[in-house]
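> Whatever this is, show me its structure:
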Amino acid sequence: MMRATERTGSGTNIIRVVAASMAGTTVEWYDFFLYGVAAAVVFPSVFFPASDPTIGTLQSLGTFAIGFVARPFGGLVFGHFGDRIGRKKLLVVSLLMMGLSTFAIGLLPGYAAIGVLAPTLLVLLRLIQGFALGGEWGGAVLIVSEHGDPARRGYWASWPQAGAPGGQLLANGLLFVLASVQNDDDFTSWGWRIPFLLSAVLVLIGLYVRLAVEESPVFEDAQAHAARQAAAGVKQSLPILEVFRRYPREVLTAMGARFAENVSYYIFTIVITTYATKRLGMPSSTVLGAVLIGAAVHLVTIPVWGALSDRFGRRPVYLLGAAGVGIWAFAFIALVNTKSFAMLVLAVVGGLLFHGAMYGPQAAFLSELFGTKVRYSGVSIGYQLASILAGGLAPLVTVWLYTTFDSGYAVSWYVAASAVVTIVAVGTYHETRHRDLAADDGVTPAAR
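Model prediction:
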């Protein structure tokens, strides 16, 4: 392992870079997942009262999906400016947008107080959340991938990925405590707002750490090269146009790689809340407790999978994870259906272990697909476009499946189908771990 005192090319301690990136992603995923859990448990009654509980749940989860629709737009805008003016500046902006919108949700009156204006404002704030998160991921993983030792890129770049379970751990942990110490009426009326309001404190911490980090040295070298080209009269294309002109296969590969990872994650951590509480009648505190344990295991094992991808390659580790979630999805439903807390924990932990085999190497893998001058745009486009079709629709599709077919195993087939998409996308692409991120082309003809 690289010593903590080792410096990156810009003179910045790699531990500081990782900490700044992970701090921001933890805060932003805390905000995002907090909304997801609340949309499944609280929002149907607070913002979408209806005679049919299933209708209210679908409406609430629909606003969760709307956040995914905004993510590609955030990826496009943040990717463009991230490739033009730098990774660090855009990461600060995305963190502020995400935190302020989450804080505002905590203050938002319910349907009983202001009528239809309540869900309307909720949708608007959700769009802001999605837009901000669309720009966060690309910058966070790139500023780490472009620092430090290339031989350990998979390991270091996996730490921002660990911000996702870190954020979920915080979100579910707070909701679990509140649901345990409050009765249902208090939790529904005001208790759920506390974690949203606490987002302001987490944002201040994230900003403090993130502002202390220097810009990526690989990006600065690319900027200097672009400036020399501009001085010589060479016209620079828009990053988004360059991505689709030179890297169409890489965009599709990134999207396919995301499919099983995205679908399985939301089913294993968010949809399970709706399925277990609404369909099986389990207490929400029990389900949140199981997801809490799973998130802790996920947080610890993601960097392990990233390190394994440095040794054995991105593809083998990623394919293991994709095949694993496709098979485990059937065991997952069987275990959840027992209504046993121990079996519920086993279901979530097993699913997230296989998910981590995809999520750990993912940051380095996607970073290695694109050239430096368009890398922020490229990873953001591939990552966020897949989010609409995969993660954004997963809660809605899942509720529709187990309601229509009256069986949770319909959801298992959905996860298995998404695994096939990812196996084809990653399995038909070449190994990337030895690619040089400082090369402008990123993907050389010889590597295809």
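
> Test my guess that residue 155 contacts residue 305.
No: taking contacts as C-beta atoms under 8 Å, residue 155 lies outside contact range of residue 305: 9.4 Å. From N, CA and C alone the C-beta is placed, and that goes for glycine too.

> Any figure for the gap between the residue of the chain most remote from its centre and residue 224?
No residue in the chain sits farther from the centre than residue 232, which is 40.5 Å out by C-alpha atoms, centre = their mean. Taking C-beta to C-beta, to the nearest Å as the measure, residue 232 falls 13 Å from residue 224.

> cool, and residue 110?
Residue 110 sits 53 Å away from residue 224, going by C-beta to C-beta.

> higher neighbour count, these two?
residue 110 (19 against 10; other C-beta atoms under 10 Å).

> Now do residue 236: how many residues are near it, please.
Residue 236 has 12 neighbours, counted by other C-beta under 10 Å.

> repeat for the one 5 residues further on
Residue neighbour count, defined by other C-beta under 10 Å, stands at 11 for residue 241.

> same check, this time on residue 249
Other residues close to residue 249 by other C-beta under 10 Å number 13.

> And it, how far from residue 424?
Distance, residue 249 to residue 424, by C-beta to C-beta: 13 Å.

> Output the below-cut-off pLDDT ranges for this protein.
1-12, 40, 50-58, 61, 64-65, 148, 234, 440-448 (pLDDT under 70).

> Centroid-nearest residue for it?
Closest residue to the average C-alpha location of the chain: residue 164 at 5.9 Å, with C-alpha atoms, centre = their mean.

> what's the nearest residue to that residue if we skip its chain neighbours?
Using C-beta to C-beta, 6 or more residues apart in numbering and skipping the chain neighbours, the partner closest in space to residue 164 is residue 29 (4.7 Å).

> Show me the helices in the stretch 51-200 of the chain, by range?
All helices of the stretch 51-200 of the chain, identified by DSSP state H, counting those that start in this stretch, fall at 53-85, 87-107, 111-114, 117-145, 153-161, 163-181, 184-186, 193-197, 199-210.

> Report the distance from the first one to the chain centre.
For helix 53-85, the distance from its own C-alpha centre to the chain's C-alpha centre is 11 Å (C-alpha atoms, centre = their mean, to the nearest Å).

> can you check the last one too?
Averaging C-alpha positions (C-alpha atoms, centre = their mean) puts helix 199-210 19 Å from its chain's average.

> Pull out the buried residues from that helix.
199, 202-203, 206-207, 209-210 (16 or more other C-beta atoms under 10 Å).

> Determine the angle, from 0 to 180 degrees, between the helix or strand just after it and helix 117-145.
Proceeding N to C from helix 199-210, the next assigned helix or strand is helix 217-231, under DSSP states H and E. On the basis of axes from the mean of the first three to the mean of the last three C-alpha atoms, to 10 degrees, helix 217-231 is oriented at 90 degrees to helix 117-145.

> buried stuff in the very next helix or strand once past helix 217-231?
The first helix or strand that comes after helix 217-231 along the chain, using DSSP H and E, is helix 239-246. By neighbour count on 16+ other C-beta under 10 Å, the buried set for helix 239-246 is 239-240, 242-243, 246.

> Report all helices and strands that helix 239-246 contacts.
helix 53-85, helix 375-387 (3 or more C-beta pairs under 8 Å, 6 or more residues apart in numbering; DSSP states H and E).

> List the buried residues for the following helix or strand past it?
The C-terminal neighbour of helix 239-246 among helices and strands, as given by DSSP H and E, is helix 248-266. Across helix 248-266, burial judged by 16+ other C-beta under 10 Å covers 250-251, 253-266.

> can you count the residues close to residue 155?
Around residue 155 there are 25 residues (other C-beta under 10 Å).

> With adjacent residues omitted, what lies nearest to it?
Using C-beta to C-beta, 6+ apart, the closest residue to residue 155 is residue 307 (4.2 Å).

> Isn't residue 243 up against residue 369?
No: if you go by C-beta under 8 Å, residue 243 and residue 369 don't touch, sitting 10.1 Å apart.

> Residues that sit against both of those two, list them.
Counting by C-beta atoms under 8 Å, 6 or more residues apart in numbering, the contacts common to residue 243 and residue 369 are residue 378.

> all helices of the stretch 301-448 of the chain, in order?
Using DSSP H, counting those that start in this stretch, helices in the stretch 301-448 of the chain cover 314-336, 341-367, 375-387, 394-404, 409-427.

> List the buried residues for the longest one?
In other words, helix 341-367. By neighbour count on 16+ other C-beta under 10 Å, the buried set for helix 341-367 is 344-367.

> show me the contacts for residue 299.
For residue 299, the contacting residues are 162, 165-166, 169, by C-beta under 8 Å, 6+ apart.

> ditto for residue 231
So residue 231 contacts nothing (C-beta under 8 Å, 6+ apart).

> Residue 122 too?
Shown in contact with residue 122 (C-beta under 8 Å, 6+ apart): 43, 47, 63, 105, 108.

> My guess is the second one contacts residue 112. True?
No: between residue 47 and residue 112 there is no contact, the gap being 9.6 Å when judged by C-beta under 8 Å.

> These two - which one has more neighbours?
Set residue 47 next to residue 112 and count neighbours by other C-beta under 10 Å: residue 47 wins out with 25 against 12.
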